[in-house]
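*Asks:* coordinates only, sequence not included:
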């Protein structure tokens, strides 16, 4: 539920002005649902509603994309979490 309840109508973090009665009802039901599978189905439906109506869109992706020429950089290890670092790599001659 961590993020799905952010978008309920009139919620303190919902600054979009968007609202949907079915969505609100599903969030309320999921809050009290003890059956994990039933709760998950409610969450899936909430996600579908968000994807159908687009009240929010991601504008930032917390990762960088890099490409490199494997003919010029050989061997070594690469770490690409938020930046690319090469360890024990060599530049081909």
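*Replies:* Thanks, I have the structure now. Predicted model only: the values in this text are computed from it and were never measured.

*Asks:* all the strands of this structure, in order from the start?
*Replies:* 73-74, 77-79, 85-87, 90-91 (DSSP state E).

*Asks:* and those: which comes nearest residue 33?
*Replies:* strand 77-79 (40.4 Å; CB to CB). Every C-beta, even on glycine, is put in place using the N, C-alpha and C of the backbone.

*Asks:* sorry, back to before: can you say which of the strands of the chain is nearest to residue 30?
*Replies:* The nearest among the strands of the chain, by CB to CB, is strand 77-79 at 37.5 Å.

*Asks:* ok, now how distant is the residue positioned nearest the centre of the chain from residue 15?
*Replies:* With distances taken as CA atoms, centre = their mean, the residue of the chain nearest its centroid is residue 58 (8.1 Å). When distance is defined by CB to CB, to the nearest Å, residue 58 is 16 Å away from residue 15.

*Asks:* what's the answer for residue 56, then?
*Replies:* 10 Å.

*Asks:* which one of the two is surrounded by more residues?
*Replies:* Comparing residue 56 with residue 15 by other CB atoms under 10 Å, the one with more neighbours is residue 56, at 13 against 8.

*Asks:* residues contacting the more buried one?
*Replies:* 7, 16, 18, 50 (CB atoms under 8 Å, 6 or more residues apart in numbering).

*Asks:* can you report how many residues lie near residue 22?
*Replies:* Neighbours of residue 22 (other CB under 10 Å): 10.

*Asks:* of the strands of the chain, give the one that comes closest to residue 39.
*Replies:* Using CB to CB, the nearest of the strands of the chain to residue 39 is strand 77-79, at 36.5 Å.

*Asks:* which parts of stretch 18-30 are buried?
*Replies:* 20, 23-24, 26-27, 30 (16 or more other CB atoms under 10 Å).

*Asks:* and that stretch, how far from the chain's centre?
*Replies:* How far stretch 18-30 lies from its chain's middle: 20 Å, per CA atoms, centre = their mean, to the nearest Å.

*Asks:* and that stretch, average pLDDT?
*Replies:* Stretch 18-30 comes out with an average pLDDT of 97.

*Asks:* quick one: residues in contact with that stretch.
*Replies:* Taking contacts as CB under 8 Å, 6+ apart, the residues outside stretch 18-30 that touch it are 1, 4-5, 7-10, 39, 42-43, 45-46, 49-50, 53, 55-56.
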